[in-house]
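>>> Got a predicted model here, sequence first, then my questions.
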Protein chains: 4
Amino acid sequence: MSASSKPHPRTKPPEERRAELMHAAERLFLRNGIAATTIEQITTTAHVAKGTFYLYFSSKDDVLAALRVHFAQDLLQTIKNAVDGQKSWPDKLSAWASAGVSGYIDAIRLHDILFYASSPPTREGLVDNIIIDHLIGILQNGVKAKAWSVDDARSTAVFLFSGLHGIVDDAYRSSKRVQREPLARRLQVLCLRTVGLSGD
Amino acid sequence: MSASSKPHPRTKPPEERRAELMHAAERLFLRNGIAATTIEQITTTAHVAKGTFYLYFSSKDDVLAALRVHFAQDLLQTIKNAVDGQKSWPDKLSAWASAGVSGYIDAIRLHDILFYASSPPTREGLVDNIIIDHLIGILQNGVKAKAWSVDDARSTAVFLFSGLHGIVDDAYRSSKRVQREPLARRLQVLCLRTVGLSGD
Amino acid sequence: MSASSKPHPRTKPPEERRAELMHAAERLFLRNGIAATTIEQITTTAHVAKGTFYLYFSSKDDVLAALRVHFAQDLLQTIKNAVDGQKSWPDKLSAWASAGVSGYIDAIRLHDILFYASSPPTREGLVDNIIIDHLIGILQNGVKAKAWSVDDARSTAVFLFSGLHGIVDDAYRSSKRVQREPLARRLQVLCLRTVGLSGD
Amino acid sequence: MSASSKPHPRTKPPEERRAELMHAAERLFLRNGIAATTIEQITTTAHVAKGTFYLYFSSKDDVLAALRVHFAQDLLQTIKNAVDGQKSWPDKLSAWASAGVSGYIDAIRLHDILFYASSPPTREGLVDNIIIDHLIGILQNGVKAKAWSVDDARSTAVFLFSGLHGIVDDAYRSSKRVQREPLARRLQVLCLRTVGLSGD
DNA sequence: AATGAATGAGATTTCATTCAT
DNA sequence: CATGAATGAAATCTCATTCAT
């Protein structure tokens, strides 16, 4: 009873084990793709036995879903923080563009793997949806404040979001070391133009 | 003397067999996803034996590649035809938007399946690339003709293309029966604004 | 806080825990079969942790063996009591038939699961053996007392026992609600005839 | 149709392959029990690859069902042939007993494995049923011909059948080399007594 | 050119059992 | 005594691909 002062209990707290498994899965999905990743690789990477995986997840799709949720919440928080730090509406939109570029550069491949390379039923676009919904709010409030004019907030939000995603994706494809600053500035211009502002 | 009166000739012209197999694969990929589609399902759907598949394609990835090429060429031709029919640059850009919306509405799910839900190596974005390259040409020629101003043709093209894709995708998700006209008009406005034109 | 006021004492008397585990196992074996029953189901049903099972039994086969012993002793006692209550030999044999029918009706499925649906080594027929041995005694003593004639006591005992089992089994298969009385009477006739008595 | 006169096609006729797999399964079930037999053992024994098993059966239970049907039809035929060769009713019943003993001695363990050591749903007793139904017919016709008296044909048939099975089973348990003749004669006596005949 | 039986590597999943707390 | 997280051997089943006919 007295003795054991080990900081590394053999039996880890459930969240930690779960997180380790998710982390291992994420790395392998990124490196080899989802289909090519086996449960065994995941458990080996996480330094646990195969059966342990099934103590925390019911299947490969189950980890995938958990990773999606985690990714979405993370990114939304990053963007919200950046946007809320700005006063004027154009600045908010610019901040949205910068934070979005940044967030996606950090995780573009993960995003694509999690949200595209999956089975039809899950193609719902969970992150995309919560990010887009947030942007719709910004656009509508900007309209109310007469900061800009927008015909249809949803279409515009979808357009901007997709544009952001495409630009980061393209930059990533061209070279793995992406320059955030110029990319962010170019996207800011495009975003401002899209809501009818000059963009310079 | 005997002249083939069979309704189902045993030996079909190679292109026809190939096309039938591709068609079968396309339908099954659309319905069930790529991973869930087996070679046997493809050959059964195409009314041939399993071995016959390997007479025309070397693997599952091989049909996938063939479908990608076919899809890309088809769509580019549609867009080119529409754009070339216009005189003024703004009209060309509007035509690009309309034809793009149309082309993608017809095949949005197929596009996503062919170009996203695949293994990393093929994630190159074949269609996207040729469509984007074509649009870059339009944007640059419009700049030369002082029809509009564009900072970076590539970024802008990627942005527009991604926006187009996203908007059609979103419309498709909302309702399977998409209204082309309003969608096309909304996109035209966004495109024109993006290149610095008023868009009305 | 000191004195145990818990309604569910953590530590129960060993026999009670053991009995609870056996009871849980019995119910699950009956409902789902032996192979389909997991240790975890047993411990969950008995409201203990998985490891606790191994404090009382060394393996799944071990509970099975314990259940077999318990079942056999129970049934033999029932039959003995009935037989010993009779004076004449024909009455003893009739009582054997009745008590056997009754005992088996109560537990026919359990019997079959415990004694048939197991691995070869345990197929020894533990109950069957002790019941049959008891019946052999009755038959031999009846012969000595010139109550009936029997060629080979063992064969006859096996024949009667198997017939009893078969008849109850068949009745059970036909309808889950078995009528004991008519069944017992029919079996009595068959038993008496088998030892050369008229049976009416 | 001219050339190929090969007697040994590399690809065997389906029935032959199927029979080989069933035969391999039977041997292994007998030697090691059902649960302890793996699909891989079956295919190895049958000299085919693992996947081939699934070309002919959908699961282990599926072979089991096929073996049951085969066993039942086989045994019934044997008994019928013996019974039909006799004129008088007592001789028919004696023939039934002999053929039954013989048939079961040859396959007692197989019978038990196929019909007892299985999951609850299949415990229906397929052979037992068709053999019993056949015996019910014999008993009833014997009654009509005033060859003997029987209260309830079904009960009696079940009783006799179970007795037969039990006696063979017991003899088998006592020694693996069973003497057919004495066993058959003893059973004949018991059968005749059961229908009210003297049995000598 | 066409067939489809056969292959067999490999993936997912289960669960009896152990053992540190 | 009791716990339940962790283990990992083993079983089932799938399916892309081959090849003899």
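That came in fine, so what should we check first? Predicted model, so just to flag it, every value in this text is computed and none were measured.

>>> wait, does the helix or strand hosting A:Ile108 make contact with chain B?
Under the criterion of DSSP states H and E, A:Ile108 resides in helix A:89-115. Yes. If you take Cβ under 8 Å from any Cβ of the partner chain as the test, helix A:89-115 does meet chain B, through A:Asp112. No exception for glycine: its C-beta is placed from N, CA and C like everyone else's.

>>> same question, stretch A:36-48
Yes. Using Cβ under 8 Å from any Cβ, we find that stretch A:36-48 touches chain B at A:Ala36.

>>> Counting by contacts, list what the helix holding A:Ile108 packs against.
Using 3 or more Cβ pairs under 8 Å, 6 or more residues apart in numbering or on different chains; DSSP states H and E, the elements in contact with helix A:89-115 are helix A:14-32, helix A:60-84, helix A:126-144, helix A:153-174, helix A:180-194.

>>> Can you list the buried residues in the fourth one?
When neighbours are counted by 16 or more other Cβ atoms under 10 Å in any protein chain shown, the buried residues of helix A:153-174 are found to be A:153-173.

>>> ok, now which ones touch the residue of chain A found nearest chain C?
Of all residues in chain A, the one sitting closest to chain C is A:Leu55 (12.0 Å; Cβ to the nearest Cβ). Going by Cβ atoms under 8 Å, 6 or more residues apart in numbering or on different chains, A:Leu55 touches A:Arg17.

>>> Check it and give its pLDDT.
If you check A:Leu55, the pLDDT there is 93.

>>> shaky segments in chain A?
For chain A, the stretches with pLDDT under 70 are A:1-10, A:116-127, A:199-200.

>>> 80 instead, please
A:1-12, A:109, A:112-113, A:115-129, A:173-178, A:198-200 (pLDDT under 80).

>>> Domain parsing of it, as residue ranges.
A:11-57, A:62-194 (automatic domain parsing).

>>> if we can go back for a sec, does the helix or strand the residue of chain A closest to chain C falls within come close to DNA strand F?
Assigning secondary structure by DSSP H and E places A:Leu55 in helix A:50-56. Yes. Applying Cβ under 7 Å from any atom of the strand, one finds helix A:50-56 in contact with DNA strand F at A:Lys50, A:Gly51, A:Thr52, A:Tyr54, A:Leu55.

>>> Skipping adjacent residues, who's closest to A:Val88 in space?
One thing to correct before we go on: residue A:88 is Ser, not Val. Distances taken as Cβ to Cβ, 6 or more residues apart in numbering or on different chains place A:Ala147 nearest to A:Ser88, at 7.3 Å, with adjacent residues excluded.

>>> Backbone dihedrals for the one you found, please?
Phi and psi for A:Ala147, reported as degrees, to the nearest 10, are phi -80, psi -30.

>>> and A:Ser102, what does it touch?
A:Thr78, A:Arg180, A:Ala184.

>>> Residues of chain A that sit close to DNA strand F?
So chain A meets DNA strand F at A:10-12, A:14, A:17, A:47-52, A:54-55 (Cβ under 7 Å from any atom of the strand).

>>> just checking, which of the domains of chain A sits deepest inside the structure?
Burial of the domains of chain A is given as mean neighbour count (mean count of other Cβ atoms under 10 Å in any protein chain shown); domain A:62-194 ranks first at a mean of 18.

>>> does any part of it sit near DNA strand E?
No. Domain A:62-194 is not in contact with DNA strand E by Cβ under 7 Å from any atom of the strand; minimum separation 8.1 Å.

>>> end-to-end on that domain?
End-to-end distance of domain A:62-194 (Cα to Cα, to the nearest Å): 39 Å.

>>> That domain: how far from the chain's middle?
Here domain A:62-194 is found 9 Å from its chain centre; the criterion is Cα atoms, centre = their mean, to the nearest Å.
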